[in-house]
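>>> turn this into a model:
(2 chains)
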Amino acid sequence: MSVWYALCDNLPFEMLHWDFMKNALLALIIMAPLFGLCSTMIVTGKMSFFSDALGHSAFTGIAIGSICGIAAPAWFSVIFAVVFALLFSYVKSRSNQTADTIIGVFSSGAVALGIFIATFGGGSFTKYNKYLIGDILSVTPAEIGSLAVVLACVILFWLFLNNRLTLSAVYPNLAASRGIPVEWTQAIFTTAIAVVVTLSISWVGLLILNSLLVLPGAAARNVAKNLRQYHLFSVLNALIAGLVGLTLSYIWGVSAGASIALVLTLIYGFSFLFRKVRM
Amino acid sequence: MNIGTHGGSCGHSCCLRINNLTVTIGSQKILSNVNMHVHCGELVALIGPNGAGKSTLIKAILGQQEFEGVISFSAPGERNRKAKIGYVPQSPIFDPGDPVTVADLFACCMSKQPAFLGISKKMREKILCCMDRVNACDLIDKRVGTLSGGELQRVLLALALEPLPNILILDEPLSGVDVEGMQSLMDMLDQIRQEYDLSILMTTHDFSMLPTYANQVVLIEQKVISQGTPAEVLASNEFQDVFHRKGGV
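Reported below is the predicted structural model:
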């Protein structure tokens, strides 16, 4: 961290004189490829609504962890979200109802359970606000370390499984005929997303999280011609939105998560216009 | 009709024998005591009404469906060989917005290197070689979601031919393809069958191509109700009963 701090001190930006801004910037630089990569597969796999439901389940896990007095509710929440993701995959593969209906069931059930537990016995909901809105400025060096480990795992996962995941998402029949265990591949992917979502929720916030998981890929999809461009543009979108959003939040004193999501929405708007011109 | 160099004999892995095959899903019997034989170098058409069990039979051959009975790829009395099966699934509707090119699709299937990092020159040449088999090199950089029915079938066929299989199985390859496309696809299948000396099993609802291209037609409805040459099956009473119209359409 001292190298990073020294580097930031040499940059001519006033906002980087504060340690919490240096931490936030580093966290965002790590989160950009994380969200950028996950976003491509979430959009291709038509799982935007699912990642939102995962955010709700993560919040519920944190609420349960807090009530049970577990020291690090975030890790309890990771376990809860993984169980939620696997249970969803199991029910989806064995139900004849459409995925959006099953997601609706899981999502509303999870959020209701979270609020029920958080307010049990007249408890206050206020202490959970940070999980709803998020605060990237409160990220600690230890948490940045956890994010870096998650990023490394996601990159490894992508290098080994991306071809299978892409094929399972765009053409499950062909994937199955080529010996790819489609159900397992998708279950592993949803588990990975559950971990990413849960670890990021306290910094980004439940309300903003889904936009970060959907918008970079959605915008990239408007302009990319192939898989390589799709992933590259998605990561760049997340990175640009992270840097611009953090700067704007410093200048105007607004929520960093909301600024980042708004910049991403603007990027999506531009990509949409460019797409229209290109067509 | 010209049959491949094995001349319809069955000493090779391109021979498919199905004996007493029964598939039960839950309490429902989908297929019952199916017996059929695809000789080496033959094109066999599997026909039947919707829900007759055609797709289930294909899944059983591909090993994706549990069954009772025997599926073997050798002559009787011989040790069962392993056959390489090329499979062309029913044409999916790809999302036109997916930024997945034909080259990306091939790379995802054929390469261990992640396609999202780009496709190497060597892999691109290999893909072009595959596409050349179906005269579709010009489609390599097109998005799969923007291909026409006929173009998509050719791409899927090229994919099924890598690695070169002993038996090629196609599920409804003619659906969503216009008449001209059908003719050119069937010509291509005929040429591939002879050039690469493989057997072809395909399901279809279009019977107009059968007399010209199929060596054998198998009509199923839970069980095999008629099999033989296209002329025999299309003229049979069973065919007329099943489809409520005269044969040879």
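>>> contacts and neighbour counts: CA atoms only from here.
OK.
>>> report the secondary structure state of the residue nearest to residue B:95 when sequence neighbours are not counted.
With C-alpha to C-alpha, 6 or more residues apart in numbering or on different chains as the criterion, residue B:95 has its nearest non-adjacent residue at 5.2 Å, and that residue is residue B:145. Judged by DSSP: H, G, I helix; E, B strand; the rest coil, the three-state class of residue B:145 is helix.
>>> same thing with residue B:176?
coil.
>>> residues contacting it?
By C-alpha atoms under 8 Å, 6 or more residues apart in numbering or on different chains, the contact set of residue B:176 is B:149, B:150.
>>> what does the pLDDT read for it?
On the pLDDT scale, residue B:176 is placed at 77.
>>> thinking again about what came up before, just the pLDDT at the residue nearest to residue B:95, thanks.
Residue B:145 is given a pLDDT of 88.
>>> quick one: it and residue A:153, what's the gap?
Per C-alpha to C-alpha, to the nearest Å, residue B:145 is found 31 Å from residue A:153.
>>> who's more crowded, those two?
Legend: neighbour count by other C-alpha atoms under 10 Å in any protein chain shown for residue B:145 and residue A:153, higher for residue B:145 (19 against 14).
>>> using PDB, list the CA coordinates for the helix or strand hosting residue B:194.
Taking DSSP states H and E as the definition, residue B:194 sits inside helix B:179-196. Provided in PDB are the C-alpha atoms of helix B:179-196 (Å, rounded to 0.1, in the frame of the first residue of the first chain):
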ATOM      1  CA  VAL B 179     -36.400 -24.400 -50.700                       C
ATOM      2  CA  GLU B 180     -33.200 -23.400 -52.500                       C
ATOM      3  CA  GLY B 181     -31.300 -23.600 -49.200                       C
ATOM      4  CA  MET B 182     -32.700 -27.100 -48.600                       C
ATOM      5  CA  GLN B 183     -31.500 -28.300 -52.000                       C
ATOM      6  CA  SER B 184     -28.000 -26.900 -51.500                       C
ATOM      7  CA  LEU B 185     -27.800 -28.200 -47.900                       C
ATOM      8  CA  MET B 186     -28.800 -31.700 -49.000                       C
ATOM      9  CA  ASP B 187     -26.300 -31.600 -51.900                       C
ATOM     10  CA  MET B 188     -23.600 -30.700 -49.500                       C
ATOM     11  CA  LEU B 189     -24.600 -33.500 -47.000                       C
ATOM     12  CA  ASP B 190     -24.500 -35.900 -49.900                       C
ATOM     13  CA  GLN B 191     -21.100 -34.700 -51.000                       C
ATOM     14  CA  ILE B 192     -19.800 -34.800 -47.400                       C
ATOM     15  CA  ARG B 193     -21.100 -38.300 -46.900                       C
ATOM     16  CA  GLN B 194     -19.200 -39.600 -49.900                       C
ATOM     17  CA  GLU B 195     -16.100 -37.500 -49.500                       C
ATOM     18  CA  TYR B 196     -15.500 -38.300 -45.800                       C
END
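>>> name the residues of that helix that are buried.
B:181, B:182, B:185, B:186, B:188, B:189, B:190, B:192, B:193, B:194 (16 or more other C-alpha atoms under 10 Å in any protein chain shown).
>>> residues in contact with the residue nearest to residue B:95?
So residue B:145 contacts B:93, B:94, B:95, B:96, B:97, B:98, B:100 (C-alpha under 8 Å, 6+ apart).
>>> which one of these is nearest chain A?
Among those, residue B:100 lies closest to chain A (C-alpha to the nearest C-alpha), at 5.2 Å.
>>> need the contacts of residue B:145 in TSV with neighbour count, can you?
Output for the contacts of residue B:145, formatted as TSV (neighbours: other C-alpha atoms under 10 Å in any protein chain shown):
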residue	neighbour count
B:93	13
B:94	16
B:95	14
B:96	12
B:97	17
B:98	22
B:100	30
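>>> I'd like those as CSV, with pLDDT and secondary structure appended.
Output for the contacts of residue B:145, formatted as CSV (pLDDT from 0 to 100; DSSP: H, G, I helix; E, B strand; the rest coil):
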residue, pLDDT, secondary structure
B:93, 75, coil
B:94, 81, coil
B:95, 83, coil
B:96, 84, coil
B:97, 84, coil
B:98, 88, coil
B:100, 93, coil
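>>> show me which residues of chain B sit near chain A.
Contact residues (C-alpha under 8 Å from any C-alpha of the partner chain) of chain B with chain A: B:62, B:64, B:87-89, B:92, B:94-95, B:97-101, B:104-105, B:107-109, B:112-118, B:143.
>>> low-confidence regions, the stretch 51-200 of chain A specifically.
For the stretch 51-200 of chain A, residues meeting the criterion pLDDT under 70 lie at A:70-73, A:125, A:127.
>>> whoops, chain B was the one
Counting by pLDDT under 70, the ranges of chain B that qualify are B:1-13, B:74-81, B:244-249.
>>> so it: which segments form each domain?
As assigned by automatic domain parsing, chain B contains the domains B:16-93+B:164-243, B:95-146.
>>> those domains into CSV, with extra columns for distance to residue A:182?
Conversion of the domains of chain B to CSV gives the following (distance: least, C-alpha to C-alpha, whole Å):
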stretch, distance to residue A:182
domain B:16-93+B:164-243, 12
domain B:95-146, 13
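>>> which among the ones you listed is found nearest to residue A:28?
domain B:95-146 (22.4 Å; C-alpha to C-alpha).
>>> for chain A, just list every one of the helices.
With DSSP state H as the criterion, chain A has helices at A:2-9, A:19-44, A:48-67, A:73-94, A:99-118, A:129-133, A:141-170, A:172-177, A:182-204, A:206-223, A:227-252, A:256-278.
>>> next one: chain B
B:54-62, B:102-110, B:121-132, B:149-160, B:179-196, B:210-213, B:230-234, B:237-243.
>>> and of those, who's closest to residue A:267?
Closest among the helices of chain B, using C-alpha to C-alpha: helix B:102-110, at 25.6 Å.
>>> ok, the spatially most central residue of chain B - contacts?
Residue closest to the average C-alpha location in chain B (C-alpha atoms, centre = their mean): residue B:170, at 1.9 Å. Residues counted as contacts of residue B:170 (C-alpha under 8 Å, 6+ apart) are B:87, B:88, B:89, B:90, B:200, B:201, B:202, B:203.
>>> and stretch A:185-200, anywhere near chain B?
No: Stretch A:185-200 does not reach chain B (C-alpha under 8 Å from any C-alpha); its nearest approach is 14.1 Å.
>>> report the distance from that stretch to the chain centre.
9 Å (C-alpha atoms, centre = their mean, to the nearest Å).
>>> neighbouring contacts of it?
Contacts of stretch A:185-200 (C-alpha under 8 Å, 6+ apart): A:34, A:38, A:51, A:54-55, A:58-59, A:74-75, A:77-78, A:81-82, A:85-86, A:89, A:147, A:150, A:154, A:164-165, A:168, A:209.
>>> packing partners for the helix holding residue B:194?
helix B:149-160 (3 or more C-alpha pairs under 8 Å, 6 or more residues apart in numbering or on different chains; DSSP states H and E).
>>> what does the helix it packs on contact?
By C-alpha under 8 Å, 6+ apart, helix B:149-160 touches B:86-88, B:91, B:102, B:106, B:130-131, B:133-134, B:136, B:139, B:144, B:168, B:173, B:176-178, B:181-182, B:185.
>>> buried subset of the residues you listed as a PyMOL selection?
For the buried members of the contacts of helix B:149-160, the matching PyMOL selection, counting by 16+ other C-alpha under 10 Å, is:
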select buried, chain B and resi 86+87+88+91+102+106+130+131+133+134+136+139+144+168+173+177+181+182+185
